[in-house]
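S.K.: Build me a model:
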Amino acid sequence: QARKPISQTSGSFIKESVERNIKLISGEEAIIDSVIKNNPKVQYHATTKGYWYTYDVKNTTDTLRPKRGDVAFFDYDIKDLNGNVIYSELELKPQTYLVDKQNILMGLRDGIKLMKKNEKVTFLFPSHLGFGYRGDNDRIAPNLPIVCTVTLRDFKPDDRPKAPAKPKVEETIETEIKPE
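M.R.: Sure, this is the predicted structure:
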């Protein structure tokens, strides 16, 4: 017979954490909603991932968008919701990103795949899609919703040489036993 555990957890920590995060996200969404309402001339699009975006420069001729494995070349800046620059495009330098294969902000990871070449898009990210509960340990405070303005300069298929495929292990190994 199995023995009873020495200590039991109630799961209250997880429940409290979930409740705290729900309140945090809804509060941030309310602030973002007020930013959108205060700019009625700007058409924002809501995503199913929980962020909003608007086109500053829209490419109406191309149809291709970056996909997993492509190399994207982009510039961006980061501001707070009041428009104060946190990191300028100059400070962040041109970026090279291997789509879905490198770590970048969760919001940018998805947002770049919505863009076409030479588009400039402004994204409104709640903190959980930006720098989260830790911030960046420098200029971005914990739980800070951010605005990222991204220009997708170009994207190309990844043309780096692939690692050679590992040889397949033979499924059966035949050995011959010779009588002595």
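S.K.: For the most centrally placed residue in the chain, which non-adjacent residue is closest in space?
M.R.: Per C-alpha atoms, centre = their mean, the C-alpha nearest to the average position across the chain is that of M106, at 1.8 Å. Of all residues not flanking M106 in the chain, L129 sits nearest, at 4.7 Å (C-beta to C-beta, 6 or more residues apart in numbering). C-beta: built from backbone N, CA, C; applies to glycine.
S.K.: Next, the contact list for the one you found, please.
M.R.: Neighbour list for L129: K49, G50, Y51, L105, M106, G107 [criterion: C-beta atoms under 8 Å, 6 or more residues apart in numbering].
S.K.: before we move on, back to that, surely the residue nearest to the centre of the chain touches P126?
M.R.: No: assessed by C-beta atoms under 8 Å, M106 is found out of contact with P126, at 10.1 Å.
S.K.: next helix or strand past the biggest helix by length in the chain?
M.R.: Taking DSSP state H as the criterion, the chain has its longest helix at helix 12-37. Scanning forward in sequence from helix 12-37 by DSSP states H and E, the next helix or strand is strand 45-46.
S.K.: Mind listing what's buried along the next helix or strand after that next one?
M.R.: Sequence order places strand 52-57 as the next helix or strand after strand 45-46, per DSSP H and E. For strand 52-57, a neighbour-count test (16 or more other C-beta atoms under 10 Å) marks W52, Y53, T54, Y55 as buried.
S.K.: what's the answer for stretch 112-128, then?
M.R.: Neighbour-count burial for stretch 112-128 [16+ other C-beta under 10 Å]: 112-117, 119-128.
S.K.: export it as CSV, just CAs?
M.R.: Extracted in CSV, the C-alpha atoms of stretch 112-128 (Å, rounded to 0.1, in the frame of the first residue of the first chain):
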residue,chain,number,x,y,z
ILE,A,112,7.0,40.0,-38.3
LYS,A,113,5.1,37.1,-40.0
LEU,A,114,2.2,39.5,-40.7
MET,A,115,4.4,41.9,-42.6
LYS,A,116,5.4,42.2,-46.3
LYS,A,117,8.7,43.6,-47.6
ASN,A,118,9.2,47.3,-47.0
GLU,A,119,6.2,47.7,-44.7
LYS,A,120,6.3,49.8,-41.6
VAL,A,121,4.0,48.6,-38.8
THR,A,122,3.4,49.9,-35.3
PHE,A,123,2.5,47.2,-32.8
LEU,A,124,1.0,47.7,-29.3
PHE,A,125,2.1,44.8,-27.1
PRO,A,126,0.9,44.0,-23.6
SER,A,127,3.8,43.2,-21.3
HIS,A,128,3.4,39.5,-21.6
